[in-house]
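Colleague: with the sequence up front, the predicted model follows.
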Amino acid sequence: MKKNSSVLTPPNETGAIVLGTSFRRMSVRERRDYLAARLGVSGQEVDALTGDTNLTDLANVMVESAIGYMAVPMGVAAGFVIDGERVNVPMAVEEPSVIAAATHAGSLISRRGGGFTTVTDEPVMCAEVYLRDADSIPGDHVLKRFEAEVRTHLRDPLRAMNARGGGFRGLRVERVDDRLTAVRIYIDTRDAMGANLLNTAAESIRELAADRLGGESIMAILSNAADDRTAEARFTLPVEFCARGKRNGDEMAERIVAANTIANRDYHRAVTHNKGIMNGVSSLALATGNDTRAVEAACHAYATRDGRYRALTEYEVRDGALHGRLRLPLALGSVGGAVAFHPASRFALRVLGSPDSQRLAAIAACVGLAQNFAAVSALVGEGIQRGHMRLHANRLAWKAGARGREIAAVAERISAAHRFNDETADRMLAEVRAEKSRERAGNNGSE
Ligand code: NAD
C-alpha cells in the first residue's frame, strides 16, 4: 500500500479503498461522505453515523479520523436492591436478551432474597517499570529507602490525587524471570480508572528505578490486571424462588450449582459462562463511558488466577437457600476519560444515583452476578433459546419493515409460529397490515 497517498487514490484491485493522509485532515462529514461515495452507500446507513451534530463534533474530539458515531442502544435494568438501596442500572448493549435477563434476575433476587450485598477494595491500581539485567533484589533496608525516594519523586505528579485522599500506596520489586525485574508501584486513584495517572507516574520514575536497582529500563506502563481493586457481590435466594417451569426450587438450585461446577472443570464452558457475566459488566461499563476492554482483560485474567481458566462465580445450596457470589477486578471510574465527558455517560451516572468509583464497581459486580444467575437458570431449566428467539423476533419484524405497534404484533406471530426467519416475518407483516386495513374498512363502514 502506498504511503502518503492522496485521498483520491482509486480502490486497489482487491476493492479496498486506500485512504491517504488528507483523509485525516477532512471534517467528520467529509470523511463519511467520501467513504460513502466510494462504497456506494447511501440513506439510513450514512445518516445513522452523524444524525446529531453535537455527537458528531464530540466523536471528532474523542477519536482520530472519526466518521461519526455508533449508536448502541441503552436501556435500564430496573429493580436492583444493592446494600439496601434501590438501584436502576443503565446498560448499553446490542444483544437483545441482556437487559431483559438482568432485570428479571436482579428484581427476583431483590424482591425474594433481600437483594445483593457487596464489599469493595480501595481503588488502588498498579503500574510497572520493567528493568532488564538489574542487580539482584536488594534487602529490605535498601528497598525502604528506594520507596521513600519514589514517594518524594511522585509528590508533585500526585499532588491533586493526594488532596483527594488517594495517592502513592507503596511498591514491590519482583523478579519476573532470570533477566527481568518489575518495579510495581501502587496508587489509589479514587474515582478515576487512573490509567493516565499511573502511566505518568510510572514513566516519571523509570530512570530513578534503573539508577537505584541497576540494569536498563525497558518500559513503564500501568497493569490492567487491577487485582487489588476488586468488588464482590453476593446474594442469598430461598430455593423455592429458584423454581422454573416444571422444575421445583430444590432441583433448580442443585442444577445451578452443577452448572457452575461444569464451568470450573471445563474451560470451554467457563469462557461462555464468564462471557455471560461480562454481558452485564461490559454493558454497564459502556453505558458509563468506561474502558470495556480494560475491564474485560482484567476479568478474564482473574479467572485464571489459580492457574486454570474457570468460572468467576461460586454457588452453593445451604440452609434452604441458593448462595451466589462473584468477585471481579473492576477498574471503573466515575470520572476521567470518557466517563462524565460523554453526555450519555453523564445521564447513565445520574440514573445510578451519581456513584463514586467503588459504588460503581459494586453495582457492576451485582449486575454480573444477576446476569449469570439468569443465564444459568435458563440453561439448566428450559434452555436459553426460547427467550432469545422471542427477542430476536423483534429484529426480524423490524427487518421486514414493521414499525411502531406493528413490531410487537409481528414478533408475537413469529414466536407463536416458531419460525424465526425473514420469510415468516414478511408473511406476518403482510397479515398484520391486511387485518389492519380490514379493521379500518369495517370502522369506516359503521360510521
Ligand atoms: P483521566 O486522564 O481523565 O484522569 C482523571 C481525571 O479526573 C484527572 O484529571 C483528575 O484530576 C480528575 N478527577 C476529578 N475528580 C476526581 C476524583 N474524585 N477522583 C479521581 N480523579 C478525579 O482518566 P484516567 O482515569 O487517568 O484514565 C482513563 C482513560 O485512559 C480511559 O479513557 C482509558 O481508556 C485510557 N487509557 C487506558 C489505558 C489502558 O487501559 N491500558 C492506557 C492509556 C489510556
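Modeller: On my side now, so go ahead.

Colleague: can you list the residues of this structure near the ligand?
Modeller: Residues of the chain lying close to the ligand by Cβ under 6 Å from any ligand atom are 160, 164, 189-197, 199, 222, 224, 291, 294, 333, 335-338. Using the backbone N, CA and C atoms, a C-beta is placed for each residue, glycine as well.

Colleague: if you set the cut-off to 5 Å instead, what comes out?
Modeller: By Cβ under 5 Å from any ligand atom, the residues of the chain that approach the ligand are 190-197, 291, 294, 333, 335-337.

Colleague: what's the PyMOL line that selects buried ones from the residues you listed?
Modeller: Restricted to buried positions by 16 or more other Cβ atoms under 10 Å, the PyMOL selection for those reads:
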select buried, resi 190+191+192+193+194+195+197+291+294+333+335+336+337
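
Colleague: alpha carbons only: can I get the helix or strand of the chain with the lowest mean pLDDT in CSV?
Modeller: Ranked by mean pLDDT, DSSP states H and E, the weakest helix or strand in the chain is helix 385-400, scoring a mean of 85. In CSV, the C-alpha atoms belonging to helix 385-400 read as follows (Å, rounded to 0.1, in the frame of the first residue of the first chain):
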residue,chain,number,x,y,z
GLN,A,385,-33.1,-20.3,23.0
ARG,A,386,-36.8,-19.8,23.8
GLY,A,387,-36.3,-16.4,25.4
HIS,A,388,-33.6,-15.4,23.0
MET,A,389,-35.7,-16.2,19.9
ARG,A,390,-38.7,-14.3,21.3
LEU,A,391,-36.5,-11.2,21.4
HIS,A,392,-34.9,-12.0,18.1
ALA,A,393,-38.4,-11.9,16.6
ASN,A,394,-38.5,-8.1,17.2
ARG,A,395,-35.4,-7.7,14.9
LEU,A,396,-36.9,-9.9,12.2
ALA,A,397,-40.1,-7.8,12.4
TRP,A,398,-38.1,-4.6,12.0
LYS,A,399,-36.1,-6.0,9.1
ALA,A,400,-39.3,-7.0,7.4
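
Colleague: next, the buried residues of it.
Modeller: Within helix 385-400, the residues that count as buried by 16+ other Cβ under 10 Å are 387, 388, 389, 390, 391, 392, 393, 394, 396, 397, 400.

Colleague: from memory the first one sits against residue 381, does it?
Modeller: No. Residue 387 sits out of contact with residue 381 when judged by Cβ atoms under 8 Å, with a separation of 10.1 Å.

Colleague: which helices and strands does the least confident helix or strand of the chain pack with?
Modeller: Judged by 3 or more Cβ pairs under 8 Å, 6 or more residues apart in numbering; DSSP states H and E, helix 385-400 is in contact with helix 97-112, helix 405-417, helix 422-446.

Colleague: which of the ones you listed is buried the deepest?
Modeller: helix 97-112 (a mean of 22; mean count of other Cβ atoms under 10 Å).

Colleague: so after it, what's the next helix or strand?
Modeller: Going down the chain from helix 97-112, the next helix or strand is strand 117-120, by DSSP states H and E.

Colleague: what lines up beside whichever helix or strand comes after that next one in the sheet?
Modeller: Moving toward the C-terminus from strand 117-120, the next helix or strand (DSSP H and E) is strand 124-132. Note on strand 124-132: by DSSP bridges, its sheet partners are strand 180-188 (antiparallel), strand 216-222 (antiparallel).

Colleague: run the chain-centre distance for strand 124-132.
Modeller: Counting by Cα atoms, centre = their mean, to the nearest Å, strand 124-132 is centred 25 Å from the centre of its parent chain.

Colleague: buried ones in it?
Modeller: Under 16+ other Cβ under 10 Å, the buried positions of strand 124-132 are 124, 125, 126, 127, 128, 129, 130, 131.

Colleague: quick one: contacts for residue 231?
Modeller: 118, 119, 120, 121, 327, 328, 330, 358, 361, 362, 364, 365 (Cβ atoms under 8 Å, 6 or more residues apart in numbering).

Colleague: mind telling me which residue is nearest the centre of the chain?
Modeller: The centroid of the chain falls nearest to residue 282 when counting by Cα atoms, centre = their mean (1.3 Å).

Colleague: turn the buried residues of strand 124-132 into TSV, including distance to residue 306.
Modeller: Formatted as TSV, these follow (distance: Cβ to Cβ, whole Å):
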residue	distance to residue 306
124	22
125	23
126	20
127	25
128	22
129	28
130	25
131	28
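
Colleague: cheers, nothing more for now.
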